[in-house]
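J.: next one to model:
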Amino acid sequence: MQYTYSVEDENQLKEKGISKEKINEQLNYFVNGIPSLEIQAPASIGEGVVKVNDQDLKKYISIWDSYLMTDKVVTKFVPASGAASRMFKDLFAFLESNYETPTTDFEKDFFENIHSFAFYDVLNSLSSKTYDESIDELISDKDYKKVVQLLLNEDGLNYGELPKGLLLFHSYKDKDKKRTPMEEHLVEGTMYAKDAKNNVNVHFTISPHHEDLFKELLEEKRDELEKSLNATFNVSFSIQKPSTDTIAVDLDNKPFRDEGQLLFRPGGHGALIENLNDLQSDVIFVKNIDNVVPDKYKEDDAKYKKMIAGVLVQMQRKAFAYLEKLESDNYSADELDEIKNFIETELCTTTSQISENNKKEMVDYMKTKLDRPFRVCGMVKNEGEPGGGPFIVKNKDGSYSPQILEASQIDDETFEKFADKATHFNPVDLVCGVKNRKGEKYNLLDYVDKETGFISSKSKSGKPLKALELPGLWNGAMSDWNTIFVEVPISTFNPVKTVNDLLRDEHQ
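T.: Residues are numbered from 1 along each chain as shown. Take a look at the predicted model:
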């Protein structure tokens, strides 16, 4: 689709750093739709998911511990730009209801256990200053909505607008010791990403509206954490680039306008592939901001982070050794079979679409598959938690390989077909190798499958519109990577989707 833009439109595009070609490409997706994926099967143990035994677990941890003592750069990458408003949707609903006292189980649990939240003390102090009454007195007086207003509104703690990374999540035995997810990620980083010089690199992607707040908290807590953990934190921040926003359209697939201007929307977490690509690290861990635990649970979590990182290092070393062999043109038929077997069995990527009789085509194909970014993804057993899952999917070149898919990428018929066969789901627990065997960083944007985004229905000022989400960061944005799925225990997955999730044992 070619669209005619006004001078004002072109100025708006220039300001955002978006080309007309990119907009026309996006408009074509609205008109023609996004191609559906051909799914072979959900990945499972022995069929795309590796189950590591205790002996190999120790081996991989040792590999990673040794890697940390080299001069390689390791970074922990934490998407942290989302507001916490979804955490409190039930409490917002309570505020808007006609009821003055709790009526749902969620509301009752919240108030009955309010002393168990890490934010209770600061909320109680604020209540005493604002109303000359404690939280307990407000609840005794049945002023439940005042409590929620103090927690969520701007003239209170403003938790309804702040990002998750800045909320008090965990309390400790020391009454004054409480931590936000941002702090917990720093502490966690020392357990599996600290180098030989005690440096820990952590990168947060944040909203520009909250940048000052993140930096203030960092400066407030940095010295104390560095001294207690014998670490030096190299913390960096970035925002989702305006150039990754996507255009919205009306129901006729024409650009949606808001007060005369083209309307753009954030492209989803897939836009963060640009932020990830800007990091000049050798290995990057990726983990969501809300999936953190208090110190007493961290050791178990760190053990499996080291394990998947050790798998990454070993797999990359094998792949690069094979690549060097292929590029030397000095290999035997048996060695060629060995390399082919590695690609098929350990990388779970098919070669059957290439003719056995065309040796050059097969060698070129194998070089391509070995010389690309690597990622190892922890996968947990499917126990009904939300999230996408591991699948074996057909690629544009005719091969099949492991991919992480969200439910939105799977049509209803295929979803039903595989519903009882999906054994694992994606907790967003990744470790990425982003440099080639010569130590040169891959351009990660070259490995994105642009046709794996999705279209959703939204509205603006009461008018319906359609929005385009870019290929997800761990979905289509990493589509053309080598992907290895490794089973990790459910204990490593402790997201906080609602405020009452903080009442789970894993967060107490």
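
J.: what about Thr180, distance to Val292?
T.: Using CB to CB, to the nearest Å, we find Thr180 at a distance of 9 Å from Val292. Placement of C-beta: from N, CA and C, glycine included.

J.: low-confidence regions, this protein specifically.
T.: 1-2, 384-387 (pLDDT under 70).

J.: contacts only, for the closest residue to Phe117 other than its chain neighbours.
T.: Leaving aside its sequence neighbours, Phe117 sits nearest to Leu502 (CB to CB, 6 or more residues apart in numbering; 6.0 Å). Neighbour list for Leu502: Ser116, Phe117, Ala118, Phe169, Val496 [criterion: CB atoms under 8 Å, 6 or more residues apart in numbering].

J.: any idea how far Tyr172 is from the second one?
T.: Spelled out, that is Phe117. Remark: distance between Phe117 and Tyr172 (CB to CB) = 14 Å.

J.: who has more neighbours out of the two?
T.: Legend: neighbour count by other CB atoms under 10 Å for Phe117 and Tyr172, higher for Phe117 (24 against 13).

J.: check contacts around the more buried one.
T.: Contact analysis of Phe117 by CB under 8 Å, 6+ apart lists Leu123, Leu168, Val499, Leu502, Leu503.

J.: give me the more crowded residue out of Thr180 and Val292.
T.: Applying other CB under 10 Å to Thr180 and Val292 shows that Val292 carries more neighbours, namely 29 against 24.

J.: where does that one land in three-state SS?
T.: The local conformation at Val292, judged by DSSP: H, G, I helix; E, B strand; the rest coil, is coil.

J.: can you count the residues close to the closest residue to it other than its chain neighbours?
T.: The shortest distance from Val292 to any non-neighbouring residue, by CB to CB, 6+ apart, is to Glu184 (3.9 Å). Around Glu184 there are 21 other residues, counting by other CB under 10 Å.

J.: hang on, Glu226 packs against Glu219?
T.: No: Glu226 is not in contact with Glu219 according to CB atoms under 8 Å; the separation is 11.7 Å.

J.: who does the closest residue to Phe418 other than its chain neighbours bridge with?
T.: Closest residue to Phe418 apart from its sequence neighbours, by CB to CB, 6+ apart: Pro42 at 5.2 Å. Pro42 has the following beta-bridge partners by DSSP bridges: Phe391.

J.: ok, now which ones touch Pro42?
T.: By CB under 8 Å, 6+ apart, the neighbours of Pro42 are Gly389, Pro390, Phe391, Ile392, Phe418, Lys421, Ala422, Thr423, His424.

J.: state the phi and psi torsions of Asn234.
T.: The phi/psi pair for Asn234 (degrees, to the nearest 10) reads phi -100, psi 100.

J.: hey, what's it bridged with?
T.: Where Asn234 sits in a bridge, its partners, by DSSP bridges, are Asn201.

J.: give me the neighbour count for it.
T.: Using other CB under 10 Å, the number of residues around Asn234 comes to 13.

J.: right, and it touches Asn201 too?
T.: Yes: between Asn234 and Asn201 a contact is recorded at 4.7 Å, counting by CB under 8 Å.

J.: hmm, the residue nearest to Val292 is touching Leu167, no?
T.: No: counting by CB under 8 Å, Leu167 is not a contact partner of Glu184; they are 11.2 Å apart.

J.: state the distance from the residue nearest to Phe117 to Arg86.
T.: From Leu502 across to Arg86, the span is 14 Å (CB to CB).

J.: same thing with Asn32?
T.: Asn32 is 32 Å from Arg86, by CB to CB.

J.: before we move on, what about Ala333?
T.: Distance of Ala333 to Arg86, computed by CB to CB: 57 Å.

J.: equivalent analysis for Glu47, please.
T.: For Glu47, the distance to Arg86 - CB to CB - is 34 Å.

J.: tell me which of those two has more neighbours.
T.: Just comparing Glu47 and Arg86: by other CB under 10 Å the higher neighbour count belongs to Glu47, 16 against 12.

J.: for the more buried one, phi and psi?
T.: Residue torsions, per degrees, to the nearest 10, at Glu47 are phi -130, psi 60.

J.: residues in contact with the closest residue to it other than its chain neighbours?
T.: Using CB to CB, 6+ apart and skipping the chain neighbours, the partner closest in space to Glu47 is Ala41 (6.9 Å). Applying CB under 8 Å, 6+ apart to Ala41 gives the contacts Glu47, Phe391, Ile392, Phe418, Lys421.

J.: state the distance from Ala41 to Tyr144.
T.: Note on Ala41: its distance to Tyr144, by CB to CB, is 49 Å.

J.: in a strand, Ala467, correct?
T.: Yes: per three-state DSSP, Ala467 lies within a strand segment.

J.: Provide the partner residues of it in its beta bridges.
T.: Counting by DSSP bridges, Ala467 is bridged to Ser456.

J.: can you count the residues close to it?
T.: 23.

J.: Ile206 versus that one, what's the distance?
T.: 22 Å.

J.: in the stretch 251-400 of the chain, which spans are strands?
T.: 257-258, 261-262, 264-265, 283-287, 374-381, 389-394, 400-405 (DSSP state E, counting those that start in this stretch).

J.: including mean neighbour count and distance to Ile247, could those go into CSV?
T.: Putting the strands of the stretch 251-400 of the chain into CSV (neighbours: other CB atoms under 10 Å; distance: least, CB to CB, whole Å) gives the following:
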stretch, mean neighbour count, distance to Ile247
strand 257-258, 14, 11
strand 261-262, 16, 6
strand 264-265, 19, 6
strand 283-287, 23, 27
strand 374-381, 23, 30
strand 389-394, 22, 27
strand 400-405, 24, 25
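
J.: out of those, which comes closest to Ile308?
T.: Of all the strands of the stretch 251-400 of the chain, strand 374-381 sits nearest to Ile308, with 4.5 Å by CB to CB.

J.: can you list contacts of the closest one?
T.: 43, 49, 304, 308-309, 311-312, 315-316, 319, 389-390, 404, 423-427, 429-433, 474, 478, 481-490, 492-493.

J.: how far does that strand sit from the chain's center?
T.: 12 Å (CA atoms, centre = their mean, to the nearest Å).

J.: parallel or antiparallel, which strands does it pair with?
T.: Strands flanking strand 374-381 in the sheet, each with its direction: strand 424-425 (antiparallel), strand 429-433 (antiparallel), strand 482-487 (parallel) (DSSP bridges).

J.: related to what we said a few turns ago, out of the contacts of Ala41, which comes closest to Val448?
T.: For the contacts of Ala41, the residue nearest Val448 by CB to CB is Phe391; the value is 17.9 Å.

J.: who are the contact partners of the closest one?
T.: Contacts for Phe391 (CB under 8 Å, 6+ apart) come out as Ile39, Gln40, Ala41, Pro42, Ala43, Pro402, Gln403, Ile404, Leu405, Phe418.

J.: could you measure it against Val122, distance?
T.: Separation of Phe391 from Val122 (CB to CB) stands at 44 Å.

J.: what are the boundaries of the helices in the stretch 251-400 of the chain?
T.: 273-278, 295-328, 333-341, 359-370 (DSSP state H, counting those that start in this stretch).

J.: which strands and helices lie in contact with the first one?
T.: Counting contacts by 3 or more CB pairs under 8 Å, 6 or more residues apart in numbering; DSSP states H and E, helix 273-278 is packed against no other helix or strand.
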